[in-house]
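# Show me the folded form of this:
(one chain, ligands or ions: 2)
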Amino acid sequence: MAAETTRSESTNGTGPESNPKVALITGITGQDGSYLTEFLLNKGYQVHGLIRRSSNFNTQRINHIYIDPHNAPKAQMKLHYADLTDASSLRRWLDIISPDEVYNLAAQSHVAVSFEIPDYTADVVATGALRLLEAVRSHISATGRSHVKYYQAGSSEMFGSTPPPQDETTPFHPRSPYAVSKVAAHWYTVNYREAYGIFACNGILFNHESPRRGENFVTRKITRAVGRIKVGLQSKLFLGNLQASRDWGFAGDYVEAMWMMLQQEKPDDYVVATEESHTVEEFLEVAFGYVGLKWKDHVVIDKRYFRPTEVDNLKGDSSKARKVLEWKPKVGFQELVKMMVDEDVELAKREKVLVDAGYMDAQQQP
Ligand code: NDP
Ligand code: GDR
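Residues are numbered from 1 along each chain as shown. Ligands and ions are numbered 1, 2, ... in the order given. Alright, predicted model coming up:
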């Protein structure tokens, strides 16, 4: 991808003559950010993404849609440096970009890691959402742009130990620093809606996966291992609790629901889920079975992957989203697992070429 100066210097806040809608996305480099960007570009939006500084490029998931504004001044996706821990950067970009819709997807999103770095997780996930809401509020107050809409990436983790099925009325009982922080972000969003009349919505999304899922979430960890075991690059897969149940959908379907929430007449909160739940063990069965392997020959339980407090069973009731938004998932569980395995077998084959040519160690993962 192009040099960093290109990204931070690229914005003048003016759209092309056709006057497209303008979206601002935090967390654009993540799984959901990449699918949401593709979705909004297809709808004709101009998309601005806030990315954080990293010593390595962190834009792999959006490289395929990035056009250097030096080459194409009207490139419809632009990237800018900011951070949810830096309030001034959020307000500055809001003023420069003047978005119609703001999607707050940025997070330290790994539940287990949140037990290791709780302060940081709270700072980004809870206070970060507050900083962005406050930036939106003060931007509206200074400019009168009261039509700006805000989406908050809420999570089924907020339900924690409350038994399924979980819907918008289910009490929260969060079980990790990450989940507690998401509960705070949820209520900040409700409060800014009630106190200032901001069009702010909480999407309470259940787990959603894809071939772009981070490699240390359990689904992708499994499908990466299946690919590598299939081509002979790996033999063991170390996992924690196999009995946890999750309502797993496809990320591509879920970003559509985010957008739909912001197209309604009134702001509200919605659960987004497939309404089907499977254990990690069932995921293993389908993923290994699909390529003719037996998971029990390869999986080793490692206590280090157990969490101090676990969320045992999540299964959403998304009746409200299905009725009001007319949203429903298109990709089912089996199809999702197969899609991820197919992509990861291809990825492993490419790794194998590098290993066989002596360019990569089999233990290494690019
Ligand atoms: P990812 O972990 O894939 O992406 C997180 C994004 O946040 C990345 O772009 C990351 O940047 C960015 N980020 C992290 N810290 C900061 C920071 N301090 N300042 C600015 N940006 C930061 O998450 P997903 O795409 O899977 O999820 C999107 C959102 O939805 C998250 O808020 C997540 O908590 C929430 N969610 C996800 C669900 C799921 O199943 N995927 C379900 C429910 C909610 P970088 O690339 O540099 O790391
Ligand atoms: P989750 O996703 O915690 O639901 O959060 P994750 O894939 O990390 O865990 C799902 C379940 O699998 C069990 N598990 C393991 N998990 C990981 N990561 N690694 C392992 O080796 C392993 N072995 C077993 C876990 O204990 C857990 O029960 C995701 C994130 O995307 C959040 O940001 C989001 O809010 C929620 O989904 C909804």
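# neighbours of whatever residue of the chain ends up closest to ligand 1, just the number please.
Residue of the chain nearest ligand 1, by CB to the nearest ligand atom: G30 (2.1 Å). In short, each C-beta sits where N, CA and C put it, glycine included. As a burial measure, G30 scores 23 neighbours (other CB atoms under 10 Å).
# Could you do L354 as well?
Neighbours of L354 (other CB under 10 Å): 14.
# okay, and for the stretch 151-300 of the chain, where does confidence drop off?
Counting by pLDDT under 70, the stretch 151-300 of the chain has no low-confidence residues at all.
# again with the stretch 1-150 of the chain
For the stretch 1-150 of the chain, applying pLDDT under 70 flags the ranges 1-18.
# 90 - rerun?
1-19, 66-76 (pLDDT under 90).
# hmm, back to that, please give me every residue in contact with the residue of the chain closest to ligand 1.
Each residue near G30 by CB atoms under 8 Å, 6 or more residues apart in numbering is listed here: 61, 105-106, 109, 214.
# Buried ones among those residues?
Buried residues within the contacts of G30, counting neighbours by 16 or more other CB atoms under 10 Å: 61, 105-106, 109.
# Any chance of these in TSV with distance to D302 and secondary structure as columns?
TSV is the format used below for the buried ones among the contacts of G30 (distance: CB to CB, whole Å; DSSP: H, G, I helix; E, B strand; the rest coil):
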residue	distance to D302	secondary structure
R61	28	coil
L105	30	coil
A106	30	coil
S109	22	coil
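# what's the helix or strand harbouring E194 packed up against?
Using DSSP states H and E, E194 maps to helix 177-196. Applying 3 or more CB pairs under 8 Å, 6 or more residues apart in numbering; DSSP states H and E, one finds that helix 177-196 contacts helix 111-116, helix 118-122, helix 128-143, strand 149-155, strand 199-205.
# Now do the nearest residue to G232 once chain neighbours are set aside against K230, distance only.
The spatially closest residue to G232, leaving aside those adjacent along the chain, is K352, at 7.3 Å (CB to CB, 6 or more residues apart in numbering). Distance from K352 to K230, counting by CB to CB, to the nearest Å: 10 Å.
# show me the contacts for the most centrally placed residue in the chain.
The structure's the chain has its C-alpha centroid closest to D32; by CA atoms, centre = their mean the separation is 3.7 Å. Contact partners of D32, counting by CB under 8 Å, 6+ apart, are 105, 153, 208, 251, 254-255, 258.
# quick one: which of the residues you listed sit in helices?
251, 254-255, 258 (DSSP state H).
# all strands of the protein, in order?
With DSSP state E as the criterion, the chain has strands at 22-26, 46-51, 77-81, 101-104, 149-155, 199-205, 208-209, 237-239, 245-246, 249-250, 269-272, 278-279, 299-301.
# Next, format those as a markdown table and append mean neighbour count and distance to V311.
As requested, the strands of the chain are arranged in a markdown table below (neighbours: other CB atoms under 10 Å; distance: least, CB to CB, whole Å):
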| stretch | mean neighbour count | distance to V311 |
| --- | --- | --- |
| strand 22-26 | 27 | 25 |
| strand 46-51 | 26 | 29 |
| strand 77-81 | 20 | 34 |
| strand 101-104 | 27 | 22 |
| strand 149-155 | 25 | 10 |
| strand 199-205 | 26 | 14 |
| strand 208-209 | 26 | 16 |
| strand 237-239 | 18 | 16 |
| strand 245-246 | 20 | 9 |
| strand 249-250 | 24 | 17 |
| strand 269-272 | 26 | 15 |
| strand 278-279 | 18 | 13 |
| strand 299-301 | 13 | 18 |
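# for the ones you listed, which one sits closest to D68?
Across the strands of the chain, D68 has its closest neighbour in strand 77-81 (10.4 Å, CB to CB).
# Check whether the closest one comes near ligand 1.
No. Strand 77-81 does not reach ligand 1 (CB under 6 Å from any ligand atom); its nearest approach is 9.6 Å.
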